[in-house]
Every structure is written in structure tokens, then in C-alpha cells.
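Peer 1: Here's a sequence, model it:
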Amino acid sequence: ALVCALGIVARAFAGQDIDVVEEGGIRDKWMLEEGVPIVVPVYPPAFVSRKDAVCVSVGYLLKADGTTSDYTLLKAWNSASGNDDEPADGYWMAFAGAAGDALAQWRFQPRPEVKQATPVYTVGTFVFGGAAGAPPAALRDHCRIANLTALLRDLRGASGRRVPAILAQLDLRDSGLGQR
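Peer 2: Predicted structure coming up:
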């Protein structure tokens, strides 16, 4: 499994277990902040000449104030190797960094019926480039995470690996919000 912390330190949430929500699952409590567009990541200039099709799934914390943080590369694929092997030094950091830069500009607001906004941890999947005629959905499928809670639980339990600090704050029980 591929995990790459982007060097962003998690802030403590005073003993609060943060719910985990599958990709797209935030829409029942959150919506885009009015007037703020979804920014898409830019193909990293250092690797443009390679013309690889790439997808990355980046976990992130959606904080109660609607901003995002704690970006972590959770899964990746590229057309050069056909898997998550890094074809060049700095490759995954460049693509994960581009996705994190885009995510940092996203802004959300609670839906009007939500009385108290609470932070959630979720994932976004991003596609870069692509072969002529390859639909983006097919590329996204390479990075699809079927069960975010299970993946994060596996990462948190991995011994001898450097894992992001945010993992210690997540509610990874099967009965968590991400599984309801």
C-alpha cells in the first residue's frame, strides 16, 4: 500500500474521534461554499514530458470551519508502470502535492439543516493526463478506494511504517459514520 504524508501536521481535536466518510459521502452534511469553485490540480511541470496518465487518491480532513488539511496520498496508479511503482524520483510527491495544493483551495459550508458542523476525514481522487480516448472514469477506477475506513485501519496498524498523525484521531470502528 502506498502512503505518503505531505508533511502537514495534524492539529489535536481535544480527544474528539473524527468520523471517516467515503469519497462523495460528505454531501449529506456539507456543500461547496457559495462562490468558491472546485480547483483542479495542475499536472506537475517536472513530469509533463512523460505524458503519463496518473491518478491519485488523497485523504484529507474537512474541518468544522469548512477548510481542508492533513493531505495524505493513500493510493496511486500510473500508465508508465501500470501500478503504483514510482517511475521517477519525486514522482508521487509531485502528483500528491498538486492534489494537495488544489484541495487546500476548496472551501465548504455546512448544509442549512446542519446545526453543528463537525470535522470529517474523507478522500478525493484526481486524474492527470490520460491516453487519447481513455475516459477519466476508467483512470479513476485504478485509484478507487472501496472501503476507506478499512484502508486507514490497515495503515494505522502497519508496523515499521511512518503513518500520518491524523490517523490516531480517526474513528475507524465499523460502526463509524463512514459505514452507516
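Peer 1: same for the longest helix along the chain, what does it pack against?
Peer 2: In terms of residue count, the longest helix belonging to the chain (DSSP state H) is helix 91-103. In terms of contacts (3 or more C-beta pairs under 8 Å, 6 or more residues apart in numbering; DSSP states H and E), helix 91-103 is packed against strand 4-5, strand 54-62, strand 68-78, strand 120-128. (C-beta placed from N, C-alpha, C; glycine too.)
Peer 1: Could I get the average pLDDT for the helix or strand just after the last one?
Peer 2: In this case it means strand 120-128. As assigned by DSSP states H and E, the chain's next helix or strand after strand 120-128 is helix 136-141. The pLDDT scores in helix 136-141 average 88.
Peer 1: Which strands or helices does helix 136-141 pack on?
Peer 2: Contact here means 3+ C-beta pairs under 8 Å, 6+ apart; on that basis helix 136-141 packs against strand 54-62, strand 120-128.
Peer 1: Just send these back as a markdown table, with mean pLDDT and distance to Asp84 too.
Peer 2: Below are the helices and strands packed on helix 136-141 laid out as a markdown table (pLDDT from 0 to 100; distance: least, C-beta to C-beta, whole Å):
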| stretch | mean pLDDT | distance to Asp84 |
| --- | --- | --- |
| strand 54-62 | 96 | 10 |
| strand 120-128 | 96 | 14 |
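Peer 1: looking at those strands, which is buried most?
Peer 2: For these, the largest average neighbour count (mean count of other C-beta atoms under 10 Å) is found in strand 54-62, namely a mean of 26.
Peer 1: For this structure, which helix or strand comes out least confident on mean pLDDT?
Peer 2: Between all helices and strands in the chain, the lowest mean by mean pLDDT, DSSP states H and E belongs to strand 4-5, at a mean of 50.
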